[in-house]
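Participant: Below are the sequence and a predicted model; questions follow.
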Amino acid sequence: MSDHSLSDHPRRLRPTTEVLTRGFDPTLSVGSARPAVFRSSTYVFESPEAAEHAFNLMAGRTAFNPGEQVDLVYSRFNTPNAQITEDHLVPLEEGAAAALVFNSGMAAIMTALMAHLKPGDALVYTVPIYGGTQHLIEDVLEPWGIIGVPVVAGETALIAQTIATTPKLKVVLLESPANPTLKMTDLASAAAAAKQRGALVMVDNTFLGPAFQHPLLLGADIVLYSATKYLGGFSDLLAGVAISKDPAVLAPVRSKRSLFGNILAPDECWILDSRLPTVHLRMNKQSKNAQRIAEQLVEHPQVAKLYYPTLFTDPEQLRIFRSQCDFPGAMFAIELKGGKPAAFQFLRAVKLARNAVSLGGVETLACHPKSTTHSGFSEEACALAGVTDGLVRVSIGIEDWRDLLDDFTQALGTIDSLA
Ligand SMILES: Cc1ncc(COP(=O)(O)O)c(C=O)c1O
């Protein structure tokens, strides 16, 4: 938003500096050190000529001059708070040049896909994928004429082959790690295969980004987020983000957002923006906590299996994790001996972790995927995704890890006493 932006400095600043210094110009907010909220639904033009020019630019009747942006016009198209938040998101995503904010993660995914697909085009996507995304593909995009081609996450050669052989391929949508067992897909390999076909690569980076996985550096064109999770960080906000290294790739997404009216509202932008400077701090602490807890819980006699990147045993999964992720992240899934009764008892017995879906907040959450997030999955789809009766998914927060470990251990002890 500002002509005085530090990002104009020849040396690019590091993300944790730029998120606090880029874009926002206090002189445009009566000197306020942090952004104000601009709730206006419409903006006053300097002149009728400026209004005419803005509409010509938006409609593509007039070409942009280098560095030119459309003036603020109407809040379904753009707002100061959306612009400020987008300016602060860019440095957080390595390799990014432009960002767009949406009123949910699903809104970001839907808008990006609808902007880059038309009836008759094919979309290759990894499964398991977030349930909402799967419904969107099967219940909206396929009836609309898109050919959806699912491919099993983590199968590097099969994914490359599917991308190479799918007719009319336009978009490849990858989600890594997959929910809830954290199966990882080799993003660079899939992106290289997609480039050969001239297809666009989108990556849902909600589980590990922006701190620990950087898809734009691995060849992705658009990175998508449920900002409801780590970016928002406090489980009190719904938001979504699309980020790209190429503003031209986001241009059609921006114009669909203006039509759909799913831009993030000014108050929500203000909240999300205030959370961005701490996303690295929170994610680092959450990941360290999760690693300490997971690596001890795996030894518990009630635990049949614990899914966590540092505990992967499959060499290909370990290779992908080590080459693709900076840290293992704050999610793990515990396969309990004793099936559903054991899983439900564990969820009843935990005192610190809350039994809720969602993830990425500063508070620890746990849920039973088979009866909640994955309850719409068929038995085959559950088996493919590793969703069993005894599986509990955990999102670790910023509490003291020793208290959480004690809590999980006492909860596991109550299962034992049931037997
Ligand atoms: C990986 C992933 N992508 C997308 C979404 C959808 O995000 P939202 O709930 O913000 O629409 C979720 C929500 O849980 C998710 O886990």
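Facilitator: Nice, I can see it.

Participant: and the residue in the chain that the ligand sits nearest to, what does it touch?
Facilitator: Of all residues in the chain, G105 sits closest to the ligand, at 2.4 Å by Cβ to the nearest ligand atom. (Each C-beta comes from the backbone N, C-alpha and C, glycine too.) Contact analysis of G105 by Cβ atoms under 8 Å, 6 or more residues apart in numbering lists Y130, G132, T206, L224, Y225, S226, A227, T228, K229, L238, A239, G240.

Participant: mind listing what's buried in stretch 392-410?
Facilitator: Residues 392-399, 401, 404-405, 407-408 are the ones in stretch 392-410 that count as buried (16 or more other Cβ atoms under 10 Å).

Participant: cool, and stretch 20-36?
Facilitator: Neighbour count says stretch 20-36 has R22, G23, F24, S29, P35 buried, by 16+ other Cβ under 10 Å.

Participant: I'd like the mean pLDDT over that stretch, please.
Facilitator: For stretch 20-36, mean pLDDT is 90.

Participant: Sketch out the strands for this protein, chain order is fine.
Facilitator: Taking DSSP state E as the criterion, the chain carries its strands at 98-102, 122-127, 147-152, 169-175, 200-204, 222-226, 240-244, 303-307, 331-336, 354-355, 365-367, 391-395.

Participant: Around the ligand, which positions in the protein sit nearby?
Facilitator: Applying Cβ under 6 Å from any ligand atom, one finds that the chain approaches the ligand through 104-106, 130, 132, 175, 179, 204, 206, 226, 228, 238, 240.

Participant: Could you check the pLDDT of the residue of the chain closest to the ligand?
Facilitator: pLDDT, G105: 98.

Participant: if I look at it, how far off is E295?
Facilitator: G105 sits 30 Å away from E295, going by Cβ to Cβ, to the nearest Å.

Participant: do L158 as well
Facilitator: L158 is 31 Å from E295, by Cβ to Cβ.

Participant: Which residue of these two possesses the greater neighbour count?
Facilitator: E295 (15 against 11; other Cβ atoms under 10 Å).

Participant: Straight-line length of stretch 195-208, end to end?
Facilitator: Counting by Cα to Cα, to the nearest Å, you get 24 Å between the two ends of stretch 195-208.

Participant: Quick one: distance of stretch 182-196 to the chain centre.
Facilitator: 17 Å (Cα atoms, centre = their mean, to the nearest Å).

Participant: Buried ones in that stretch, by neighbour count?
Facilitator: Going by neighbour count (16+ other Cβ under 10 Å), the buried part of stretch 182-196 is L182, K183, M184, T185, D186, L187, A188, S189, A190, A191, A193, A194.

Participant: wait, the last one sits on T162?
Facilitator: No - assessed by Cβ atoms under 8 Å, A194 is found out of contact with T162, at 10.5 Å.

Participant: which of the buried residues of stretch 20-36 sit farthest apart?
Facilitator: R22 and S29 (15.1 Å; Cβ to Cβ).

Participant: Pull the most distant pair out of the buried residues of stretch 392-410.
Facilitator: Distance extremes for those: the farthest pair is V392 and I398 at 20.2 Å, using Cβ to Cβ.

Participant: Give me the neighbour count for G198.
Facilitator: Neighbourhood size, G198 [other Cβ under 10 Å]: 8.

Participant: any chance you could read off phi and psi for it?
Facilitator: Main-chain torsions, G198, degrees, to the nearest 10: phi 70, psi 20.

Participant: Walking through the protein, point out its helices one by one.
Facilitator: 15-21, 48-59, 80-92, 105-116, 131-135, 156-165, 187-197, 247-260, 266-275, 279-297, 315-324, 339-349, 379-385, 401-418 (DSSP state H).

Participant: Could you dump these into TSV and include distance to C367?
Facilitator: Below are those laid out as TSV (distance: least, Cβ to Cβ, whole Å):
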stretch	distance to C367
helix 15-21	31
helix 48-59	43
helix 80-92	27
helix 105-116	17
helix 131-135	13
helix 156-165	28
helix 187-197	26
helix 247-260	30
helix 266-275	23
helix 279-297	15
helix 315-324	23
helix 339-349	7
helix 379-385	14
helix 401-418	14
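
Participant: Any idea which of the ones you listed gets closest to V124?
Facilitator: helix 156-165 (5.6 Å).

Participant: mind listing what's buried in the closest one?
Facilitator: Going by neighbour count (16+ other Cβ under 10 Å), the buried part of helix 156-165 is T156, I159, A160, T162, I163.

Participant: Reformat those residues as JSON lines; add pLDDT.
Facilitator: Shown next, in JSON lines, are these (pLDDT from 0 to 100):
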{"residue": "T156", "pLDDT": "97"}
{"residue": "I159", "pLDDT": "98"}
{"residue": "A160", "pLDDT": "98"}
{"residue": "T162", "pLDDT": "98"}
{"residue": "I163", "pLDDT": "98"}
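
Participant: what's the closest of those residues to S323?
Facilitator: The closest of the buried residues of helix 156-165, once distances to S323 are taken by Cβ to Cβ, is T156, at 11.4 Å.
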